[in-house]
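>>> Sharing a model that was predicted from the sequence below.
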Amino acid sequence: MQKKSKFFPIFFIFLVLSIIILGLSLYGMLSGTLPFLEKTTSFAPKTVYGWFQNLPFIPKDKEIEKLKNENLELVSKLLDQEKLMKENAALLSQFQTEGLGNDSLLPAQIVGAPGFVPGVTEPEEIILNKGERDNVRVGSGVVFQNNLVGKITKVSYYLSKADLVTNPSIALPVQTFSGVLGVVRGEGEDKITLENVLPSEHLKIDDLILTKGDLDINGIGIPPNLVVGRIESIEKIPAAIFQKAELKSLLDFDRLSVVFIVVER
């Protein structure tokens, strides 16, 4: 308070002097004395700046740095909260889905998508934040609700890699609701092909294609009755041994942030 009382009278004096000097200079009455006054008053800005720096109500560098750090911490907490909300929504949606035992599903966050460039390429593999320590094994299925996402193809202690159902490495036995059997293969770039379907079988546009299931004795693999995709087009050539169809997954893989790994019970 004492610093403030000293500052304002001095500030007022400098303000009045500045106005007087400005008025005299406008009328050309300071042409001879201006250099002397400039030299005499040149210390004023530095002095006033120094007083401002020492005033208790002006933030110091440390206080500004503290505010920046608090702001960064707040942004980090908001991001964590948003991520938690998304994960909770995915968990609720998954647990409301019938057909899969929830005790065998491990939620995992997608932390990477090698080779994926938005607007240029489609994701064909994803990196998940679950690994060997979480009981994840090569061959484990990856799902979202009742849709097949892909299969675990590589595992480290903390992470795992899953090839999406569109990946050319994927080949799975499948069926339709009416019992038509076939094999789906990933073709890359968001494409899936249904093959090995006998010509005598009847396929329809918009038919849903489901996994046949290939679980082993330990429960590792792809469970049955997961939706692989929907038929968009059919190719049936009379002379061909098999007919085939093009499928489209019901999922937008580039929009997923949380998926579920089928683990041993």
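Perfect, thanks for sending it. Numbers count the residues shown, from 1 in each chain.

>>> what comes up buried for stretch 258-265?
By neighbour count with 16 or more other CB atoms under 10 Å, stretch 258-265 contains the buried residues V258, V259, F260, I261, V262, V263. Where you see a C-beta, it was placed from the backbone N, CA and C, and this is true even at glycine.

>>> between those, which is closest to G213?
V262 (11.0 Å; CB to CB).

>>> give the contact list for V136.
L106, A108, L128, K130, I152, V155, S160, I261, V263 (CB atoms under 8 Å, 6 or more residues apart in numbering).

>>> Include pLDDT, distance to F253 and secondary structure when you put those residues into a markdown table, please.
Converted to a markdown table, those look like this (pLDDT from 0 to 100; distance: CB to CB, whole Å; DSSP: H, G, I helix; E, B strand; the rest coil):
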| residue | pLDDT | distance to F253 | secondary structure |
| --- | --- | --- | --- |
| L106 | 93 | 19 | strand |
| A108 | 95 | 14 | strand |
| L128 | 98 | 13 | strand |
| K130 | 96 | 18 | coil |
| I152 | 98 | 15 | strand |
| V155 | 98 | 20 | strand |
| S160 | 98 | 16 | strand |
| I261 | 95 | 15 | strand |
| V263 | 90 | 21 | coil |
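
>>> Go through those residues and name the one nearest N218.
Checking the contacts of V136 one by one against N218 (CB to CB), the nearest turns out to be V263, at 10.0 Å.

>>> can you tell me how far the closest one sits from I127?
V263 sits 17 Å away from I127, taking CB to CB, to the nearest Å as the criterion.

>>> Over to N167?
13 Å.

>>> So for those two, which sits in the more crowded spot?
N167 (20 against 17; other CB atoms under 10 Å).

>>> secondary structure class for that one?
With DSSP: H, G, I helix; E, B strand; the rest coil as the basis, N167 sits in coil.

>>> That one contacts V184, doesn't it?
No - counting by CB atoms under 8 Å, N167 stays clear of V184, with 11.4 Å between them.

>>> all strands for this structure, in order.
Taking DSSP state E to define them, one finds strands in the chain at 105-112, 125-128, 141-144, 147-155, 160-164, 171-176, 181-188, 191-197, 208-211, 227-235, 243-248, 258-262.

>>> the inter-axis angle of the fifth one versus strand 181-188?
Pointing back at strand 160-164 there. 110 degrees (axes from the mean of the first three to the mean of the last three CA atoms, to 10 degrees).

>>> Neighbouring strands of strand 160-164 in the sheet, and parallel or not?
strand 125-128 (antiparallel), strand 147-155 (antiparallel) (DSSP bridges).

>>> Alpha carbons of it, as CSV, please.
Provided in CSV are the C-alpha atoms of strand 160-164 (Å, rounded to 0.1, in the frame of the first residue of the first chain):
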residue,chain,number,x,y,z
SER,A,160,-0.8,-56.0,-29.3
LYS,A,161,-1.5,-55.7,-33.0
ALA,A,162,-4.7,-56.7,-34.6
ASP,A,163,-5.3,-57.1,-38.4
LEU,A,164,-8.7,-55.8,-39.4
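
>>> Which residues does it contact?
By CB under 8 Å, 6+ apart, strand 160-164 touches 108, 123-128, 130-131, 136, 142, 149-155, 169-170, 186, 253, 259, 261.

>>> pLDDT below threshold where in the stretch 151-265 of the chain?
By pLDDT under 70, the low-scoring segments of the stretch 151-265 of the chain are 265.

>>> Any chance of a ChimeraX selection covering the buried ones in the contacts of V136?
Buried residues within the contacts of V136, by 16+ other CB under 10 Å, are selected in ChimeraX with:
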select :106,108,128,130,152,155,160,261,263
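
>>> Adding distance to E195, write the contacts of V136 out as TSV.
As requested, those are exported to TSV (distance: CB to CB, whole Å):
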residue	distance to E195
L106	31
A108	30
L128	28
K130	32
I152	23
V155	29
S160	28
I261	27
V263	30
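
>>> Return the member of the contacts of V136 nearest to G221.
So of the contacts of V136, ranked by how close each gets to G221 (CB to CB), first place is I152, at 10.1 Å.

>>> Correct me if wrong: that closest one contacts N135.
No - using CB under 8 Å as the test, I152 is too far from N135 to be in contact (11.3 Å).
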